[in-house]
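S.K.: turn this into a structure:
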Amino acid sequence: MQISFKNQSIERKNSEVCIVTEPRISDETIDFVTVKITGRYPNAKYVTNQKCKEIVYISEGRGKVVVDGKEYALNAGDVVLIEPGEKFYWEGNMGLSISCRPAWTKEQHVVID
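M.R.: Numbering: from 1, shown residues only. Okay, here's the model as predicted:
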């Protein structure tokens, strides 16, 4: 078992509109983060996860996700499952709770056209 207390979390900026809070849990098969989106991420183009499935719970706010060119309006309480290789971006003012399997890595997260 692992526990990460709030004061052990790491906060990082993926961009000016994307703040990630990452608990200190070390497991290569699964992870969990919370994200605050206040605009469009990424600010241009799309991103894709080459290896992991990403399940996202909209914990607060509203906005949209655009996946493979199709737009979906999102509100608190909605859940999105993004498959490996799907290209997407987020836009709005939302709190997200995200788990990836296998665990997310910077190397497999790629910005694309």
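S.K.: strands of this protein, start to end?
M.R.: 10-15, 18-22, 33-41, 46-49, 53-67, 70-75, 79-82, 87-101, 109-112 (DSSP state E).
S.K.: ok now the third one, how far from the chain's centre?
M.R.: Looking back up the chat, that one is strand 33-41. The chain centre lies 7 Å from the centre of strand 33-41; the measure is CA atoms, centre = their mean, to the nearest Å.
S.K.: same question, the second one
M.R.: Computed by CA atoms, centre = their mean, the separation of strand 18-22 from the middle of its chain amounts to 9 Å.
S.K.: pull the number of nearby residues for the closest residue to N14 other than its chain neighbours.
M.R.: Distances taken as CB to CB, 6 or more residues apart in numbering put V20 closest to N14, at 5.8 Å, once the chain neighbours are dropped. (Glycine included, C-beta is placed from N, CA and C.) A total of 18 residues lie near V20 under the criterion other CB atoms under 10 Å.
S.K.: now do the contacts for the nearest residue to L81 once chain neighbours are set aside.
M.R.: Among residues not flanking L81 along the chain, I55 sits closest, at 5.2 Å (CB to CB, 6+ apart). I55 is in contact with 79-82, 98-101, counting by CB atoms under 8 Å, 6 or more residues apart in numbering.
S.K.: re the thing from before, can you redo the strands of the chain as TSV with distance to S4 and mean pLDDT?
M.R.: As requested, these are exported to TSV (distance: least, CB to CB, whole Å; pLDDT from 0 to 100):
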stretch	distance to S4	mean pLDDT
strand 10-15	10	95
strand 18-22	9	97
strand 33-41	11	98
strand 46-49	22	97
strand 53-67	17	98
strand 70-75	27	98
strand 79-82	22	98
strand 87-101	14	98
strand 109-112	21	95
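S.K.: point to the residue nearest the middle of this structure.
M.R.: The residue lying closest to the centre of the chain (CA atoms, centre = their mean) is I98, at 5.4 Å.
S.K.: picking up where we left off before, would you list the strands of the chain in TSV and tack on distance to I3?
M.R.: Conversion of the strands of the chain to TSV gives the following (distance: least, CB to CB, whole Å):
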stretch	distance to I3
strand 10-15	15
strand 18-22	14
strand 33-41	16
strand 46-49	26
strand 53-67	20
strand 70-75	30
strand 79-82	25
strand 87-101	16
strand 109-112	26
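S.K.: fine, thanks again, bye for now.
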